[in-house]
Every structure is written in structure tokens, then in C-alpha cells.
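# One predicted model, sequence on top.
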Amino acid sequence: MTADKIKASAVRFIKLGGGGGYEKQALEEGRLYLGYHEASDEACREGDWDAIQQYFLDAGHKAFVSSNHMRQVRDFYEQPESCLWITFIDGDLWWCYADTAVTMCLDPDWQTIAPERLGPSRYRTCIGSWQNTNINGRALHMRSLPGYVTKTASGFRGTICNIDSADAVLRIINDEMDPKVKDALGCREALVQSLEQVIDRLYWKDFETLIDLIFQRSGWPRISRVGGSQKMIEFELENPVTGERSFAQVKSQANQKTLSDYEAGFEANSGYKQMFFVCHTAKCDLRSDHPDIFVWTGPKVADMTLRTGLADWVLEKVQ
């Protein structure tokens, strides 16, 4: 069951303290924390943003810097509950909504505390809690997110900023695919299906060569061709990292009984780590429950042909 999709009037990135100093506290307590200790809470509540900007000017900041500082504080106070807040912590994207009430938590003697030990000055309470999964429960690891979304984590030096790719953030949290990617995947699937039909027309020797090339380009070089000297094995393969040996059997046609016979032969031969059973034209839906036996029929071969950049090779052989 798919969860309800989220919406947002705006999306803001917030850095929770210099060097992430407020991150743990924010996650545990379900809050948005802000520094900017010098910014007058009274002026902020009154919406006197000219006074806040003037403070930064008086502190020696340039006009555009002062305006940027003021804008960040203003966002913290004025963004509504419908604003989506995001941050990046320990390799994950975290998100939440927050209540509009701003509560001060400024230490009375904050001016005497060393900057690295200084806590936040104020906070907004999360509606619910911070979350690092999409609406369907899948983790939002930064390594799996597009760079145009995660660039803010490394490129932004302030506290709060707008997100250029706000629509993408919402789409990712809602577990939706980019429409352009969806279109491209549809075209890819159509190409794989077309390749499967073309591969079906390969001469059997060319089909064996194709399988050999697929393994080579996948990092599994053939170390010997056995063929007729050993009925069970077409050619031997070696994992160059581990040195483990596997073998492939390539058949032009096969049914489940044929596969079962090769399964029995593999289990009786302990010298190989894995077996790849590759069939040009399967007479039925071939299946193996053995964890070290991999069955490739038309769709898988076509997919691997595309993945390894051999589509043009196939087309040239058949044309």
C-alpha cells in the first residue's frame, strides 16, 4: 500500500549548527535549531527585518552578506508549516515539517561561551519527527540521490537556503520516478525486446561468441574452451579478483529436463564456484533453485548484450 504523498509550499535546506553541531540534538528532540545568537527575537517577531539587516551591517558585514543573513533568519521565522525542511546527516537526506512557533533557548551568558561550545539560540518544533526514508519506507541515502539534490550539502556555507531542485526533492520523498527517466527506461525496455528477437536469429557459433564477449566485458575472462572434451562445460571462467572458477554451458535449445541434468552434473563437480546455463531458445520457463546456478534465457541475454555494449555487434552479425 502506497502512503499519502506529501506536498510543500516551499522547500528549504537547513544546516543544523556549524559543523553539524546541533544535528544529534535536533534529531533526538525533533526540532529545527538556529544559531544567529545576536539576532533580536523581539525584532524578528515584529517583522522588523530592516533592523535585523542593519545589525549585520553594523557588525561589519557587506550589504549583500547582511541581506543574506537577514533572509535566513527571516525564513526561520516566517516559513509556514507547509514548508518542507531538509538537511543531510551521516550520509542520509532527512526531512520534516515544523510548527511556526519559535522558542528561544539562548544561554543567558552565551557571549562568554566559546563558539565551539555554544548551543543554539532558538528552535521550531517538528510536526511529527525528522525522517530519513521516503513515504514508502525506503532509506534516502545520499549515494543513491542525484547530484543536483545533494550538491547543497557540500556547496552551501550558510545556514538556510532555497533548493533549486525542490520538485525533485518532493518527487524523491514521494517515491516517484523522474518522468524523463521513466520515458528513457521505456525506450530501453523496447530496445531489449527488439534485441532479443535479433539475437534469436544469430548463427549458433555467433551466439556462443556473444556469450563469451559478454563474460569478458563483465570482468569474467574465459581461461579455456572445453567444448566437446567435457560434455558439461562449454568454457571455463575465472573471477580475476578472487581466483574462483566458474563455467558456462551454452545451449541453442533446452527444456527443464536438460537444465536439471546439468544441475546434477554441477553438484557432482565441486571444482567450480558457479554455473551459468545460457539458452538461446528456451522451450519452457527454465528455473533453478540452486543459489550458485544462473539461468540466462532470451530476455537476460538481450539485457546483458545492452549492458555490455554489444548491441551494435549483434546487429552487424545479423544484418
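The structure has been received and is ready for your questions. Residues are numbered from 1 along each chain as shown.

# list the helices and strands the helix or strand hosting residue 24 packs on?
If you go by DSSP states H and E, residue 24 is part of helix 23-29. If contacts are counted by 3 or more CB pairs under 8 Å, 6 or more residues apart in numbering; DSSP states H and E, helix 23-29 sits against strand 31-34, strand 83-89. C-beta here means a position set from N, CA and C on the backbone, and glycine is covered the same way.

# Columns mean neighbour count, mean pLDDT and distance to residue 308 on top of those strands, output as JSON lines?
Formatted as JSON lines, the helices and strands packed on helix 23-29 follow (neighbours: other CB atoms under 10 Å; pLDDT from 0 to 100; distance: least, CB to CB, whole Å):
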{"stretch": "strand 31-34", "mean neighbour count": "25", "mean pLDDT": "97", "distance to residue 308": "48"}
{"stretch": "strand 83-89", "mean neighbour count": "21", "mean pLDDT": "97", "distance to residue 308": "35"}
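
# For this structure, just list every one of the strands.
Shown for the chain, the strands assigned by DSSP state E span residues 10-14, 31-34, 83-89, 92-98, 103-104, 122-131, 160-162, 222-225, 235-238, 245-254, 275-282, 293-296.

# in its sheet, what does the third one sit against?
In other words, strand 83-89. strand 10-14 (parallel), strand 92-98 (antiparallel) (DSSP bridges).

# Adding mean neighbour count and distance to residue 219, write those out as a markdown table.
As requested, these are arranged in a markdown table below (neighbours: other CB atoms under 10 Å; distance: least, CB to CB, whole Å):
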| stretch | mean neighbour count | distance to residue 219 |
| --- | --- | --- |
| strand 10-14 | 20 | 39 |
| strand 92-98 | 22 | 31 |
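
# Output these in a markdown table; the columns should cover distance to residue 152 and mean pLDDT.
As requested, these are exported to a markdown table (distance: least, CB to CB, whole Å; pLDDT from 0 to 100):
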| stretch | distance to residue 152 | mean pLDDT |
| --- | --- | --- |
| strand 10-14 | 5 | 96 |
| strand 92-98 | 10 | 97 |
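
# So for residue 173, which of these sits nearest?
Relative to residue 173, the nearest member of the strands paired with strand 83-89 by CB to CB is strand 92-98, separated by 6.1 Å.

# longest helix in this protein, by residue count?
The helix spanning the most residues in the chain, taking DSSP state H as the definition, is helix 179-199.

# Would you pull up how far stretch 84-94 lies from the middle of the chain?
Counting by CA atoms, centre = their mean, to the nearest Å, stretch 84-94 is centred 14 Å from the centre of its parent chain.

# what's in contact with that stretch?
Defining contact as CB atoms under 8 Å, 6 or more residues apart in numbering, one finds that stretch 84-94 is touched by 6, 8, 10-16, 20, 23, 27, 32, 79, 95-98, 130-132, 139-143, 145, 149-150, 152-153, 163, 169-170, 172-173.
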